[in-house]
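> Kindly generate the corresponding structure for this input.
(one chain, ligands or ions: 2)
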Amino acid sequence: MSSPDSIAIQTCGPIHGSIRPPGSKSITNRALIIAALAAGKSTLTGALASEDTQVMIESLARLGIGVEESQAGTTLVIHGSGGNIPQRQADLFVGNSGTTVRFLTAMLAACQGTFRLDGIARMRERPIADLLNTLNALGSDATSEQKTGCPPVLIRARGLTGGRANIRGDVSSQFLSALLMAAPYAREAVRVHVDGVLVSQPYVHMTLGLMRAFGVNVDPGDLSQFTIPGAQQYQPREYAIEPDASAASYFWGAAAVTGGEVTVRGLGRAALQGDVDFVDCLEKMGCEVCAQEDSITVVGKPLRGIEVDMNAISDTAQTLGVVALFAKGATTIRGIAHVRHKETDRIGDLARELRKFGAQVDEFDDGMRITPPTSYANFHGAAIATYNDHRMAMSLALTGLNLPGVVIHDPGCTAKTYPHFFSDLTKLIAGGDVGS
Ligand SMILES: O=C(O)C1=C[C@@H](OP(=O)(O)O)[C@@H](O)[C@H](O)C1
Ligand SMILES: C=C(OP(=O)(O)O)C(=O)O
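Ligands and ions are numbered 1, 2, ... in the order given. Just a heads-up that it's a prediction; the model follows:
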């Protein structure tokens, strides 16, 4: 289905409603890797059906690991091969999915065969060298084909021997998550030390949680070093995936910018995803937050600017940047230098788009200060570029609920993690309960 070139957002009053967003991208792609490594049949329910999970599923299929999809792709049956990849030679396309390229690279290094992984142009600018170095120190032969430190990746895999290695933590936590999930399949124990300050830490806890759910226990300690005994196997199982907490941030953000009340169903404070902590930022800004075991409600109230370190929850930084436009006083976001390596440079490009609304935005290496326009005369809608970044499109769309004249270019880029975002937002504005 083709997408329009742009979408005009209609202003609305306070939004009242509830929504269950689609499944978590991060959990779906972890569960797919782990289930593929397990020997036997696993069933995932509540999975995300989007570009990022589709490139993972298609890659597994090319490797000869069957994944059956039903319920519009939200139920997945994986026939795991126990670490023996049926296709010993494969060329894989990973789109612009960081989790797919990094998790598959480590998984394949722990198996046998010759593999190549490549993606879209931006993927060829996203770092992976630190992961390759670590895998090579553990017995693999993995290289950046064009010696750029980025994909395409070539792997001549003969299994991981195990042993001691260092892994870099300050560029992307996905390197460590990838290694942790593959390590049980090394011949001997893997002892890994994390170099630098580990970013996006909740995702590593998520990784360990998924591994535990499939039968492999690893002590998190203080997340600076890990010992993973070798020659283990994951146990196949049925597993229910939580809704996506980064996606939920747009709906909590919608309550904040419209002064409405939005409940996200299927996510409580005990969720595996750190991004549920986004609601703490909204609470600091003045919103009311009510958390139940299986839902979190945000009630929009007059907003004030805050200072916040978003290192742990950086996928929600763009959402907060947008909410900050509607606050009294400046908001300072820090600790997110690593988001410059994502789908786009999320500091520079977000700053550029926020300025179009009349805000003053001061950019730092690791964040930005957003000072909202001081008079209504200077506060106006704008045509917004999205840089092929789903989170630019979804976050900046929220401005249009409050400001006339907002147009979002290339809304189809939300397909990376949320193909039906704009129709779900429209349904939520109309009121009622969205999502099953
Ligand atoms: O492990 C994961 O599932 C993710 C980790 C984060 O990346 P970084 O560790 O690169 O910050 C996050 O931004 C990404 O969307 C998903
Ligand atoms: C950074 C993201 O994705 P990935 O790194 O998995 O491509 C994201 O979804 O915001």
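> And residue 129, how close does it get to ligand 2?
Note on residue 129: its distance to ligand 2, by C-beta to the nearest ligand atom, to the nearest Å, is 16 Å. All C-beta spots, glycine's among them, are computed from the backbone N, C-alpha and C.
> The residue lying closest to residue 104 once chain neighbours are set aside - how many residues pack around it?
Distance criterion C-beta to C-beta, 6 or more residues apart in numbering; nearest residue to residue 104, sequence neighbours excluded, is residue 59 at 5.8 Å. Neighbours of residue 59 under the rule other C-beta atoms under 10 Å: 28.
> again, but for residue 430
Residue 430, neighbours per other C-beta under 10 Å, totals 11.
> and it, what are its phi and psi?
With angles defined as degrees, to the nearest 10, residue 430 sits at phi -70, psi -10.
> Please name the residues that touch the closest residue to it other than its chain neighbours.
Of all residues not flanking residue 430 in the chain, residue 17 sits nearest, at 7.9 Å (C-beta to C-beta, 6+ apart). The contact partners of residue 17, by C-beta atoms under 8 Å, 6 or more residues apart in numbering, come to 262-263, 428-434.
> Report the beta-bridge partners for residue 17.
Residue 17 has these beta-bridge partners by DSSP bridges: residue 262.
> Ligand 1 contacts on the stretch 101-250 of the chain?
172-174, 177, 199-200, 203 (C-beta under 6 Å from any ligand atom).
> would a markdown table of the residues you listed with distance to residue 227 and neighbour count be doable?
Shown next, in a markdown table, are these (distance: C-beta to C-beta, whole Å; neighbours: other C-beta atoms under 10 Å):
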| residue | distance to residue 227 | neighbour count |
| --- | --- | --- |
| 172 | 22 | 25 |
| 173 | 19 | 24 |
| 174 | 21 | 27 |
| 177 | 16 | 28 |
| 199 | 22 | 22 |
| 200 | 22 | 24 |
| 203 | 20 | 24 |
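> Taking these together, which two end up most distant?
Spanning the widest gap among these are 177 and 199, at 11.5 Å by C-beta to C-beta.
> rewinding a little: and the contacts of residue 17, which of them are buried?
262-263, 428-429, 434 (16 or more other C-beta atoms under 10 Å).
> biggest separation within these, which pair?
Farthest pair in the buried ones among the contacts of residue 17, by C-beta to C-beta: 263 and 429, 14.6 Å.
> Identify, from the buried ones among the contacts of residue 17, the entry nearest to residue 362.
For these, the nearest to residue 362 is residue 262 (30.3 Å; C-beta to C-beta).
> what's near enough to touch that closest one?
Residues near residue 262 by C-beta under 8 Å, 6+ apart: 15-19, 251-252, 254-255, 297-298, 428.
> taking those one by one, which sit in helices?
Counted as lying in helices by DSSP state H, out of the contacts of residue 262, are 251-252, 254-255, 428.
> Next up, identify which helix or strand residue 318 is on.
Counting by DSSP states H and E, the element that carries residue 318 is helix 317-324.
> helices and strands around whichever helix or strand comes after that helix, which ones?
Sequence order places strand 331-334 as the next helix or strand after helix 317-324, per DSSP H and E. Here strand 331-334 touches strand 307-309, helix 317-324, strand 367-371, going by 3 or more C-beta pairs under 8 Å, 6 or more residues apart in numbering; DSSP states H and E.
> Ok, which of those comes nearest residue 69?
Among these, the nearest to residue 69 by C-beta to C-beta is helix 317-324 (29.5 Å).
> Next one: the closest one, is it in contact with ligand 1?
No - legend: contact between helix 317-324 and ligand 1 by C-beta under 6 Å from any ligand atom is lacking; minimum distance shown is 9.7 Å.
> what sits up against that helix?
With C-beta under 8 Å, 6+ apart as the contact definition, helix 317-324 has outside contacts at 249-250, 252-253, 256-257, 278, 281-282, 285, 303, 305, 308, 310, 330-331, 333, 336, 339, 346, 350, 354, 367-368, 370, 372, 391-392, 394-396, 398-399.
> Please compute how far stretch 306-314 lies from its chain's middle.
Computed by C-alpha atoms, centre = their mean, to the nearest Å, the chain-centroid distance of stretch 306-314 equals 16 Å.
> Pull the CA coordinates from it and hand them back as PDB.
Listed next in PDB are the C-alpha coordinates belonging to stretch 306-314 (Å, rounded to 0.1, in the frame of the first residue of the first chain):
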ATOM      1  CA  ILE A 306      12.300  20.400  33.500                       C
ATOM      2  CA  GLU A 307      15.900  19.300  33.400                       C
ATOM      3  CA  VAL A 308      16.300  15.600  32.700                       C
ATOM      4  CA  ASP A 309      18.900  13.000  31.800                       C
ATOM      5  CA  MET A 310      17.300  10.600  29.200                       C
ATOM      6  CA  ASN A 311      20.200   8.300  28.700                       C
ATOM      7  CA  ALA A 312      18.200   5.300  29.800                       C
ATOM      8  CA  ILE A 313      15.000   6.100  27.800                       C
ATOM      9  CA  SER A 314      16.400   7.900  24.800                       C
END
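> quick one: is it near ligand 2?
No - Stretch 306-314 stays clear of ligand 2 (C-beta under 6 Å from any ligand atom), getting no nearer than 8.1 Å.
> Then stretch 386-404?
Yes - Stretch 386-404 reaches ligand 2 (C-beta under 6 Å from any ligand atom) through residue 391.
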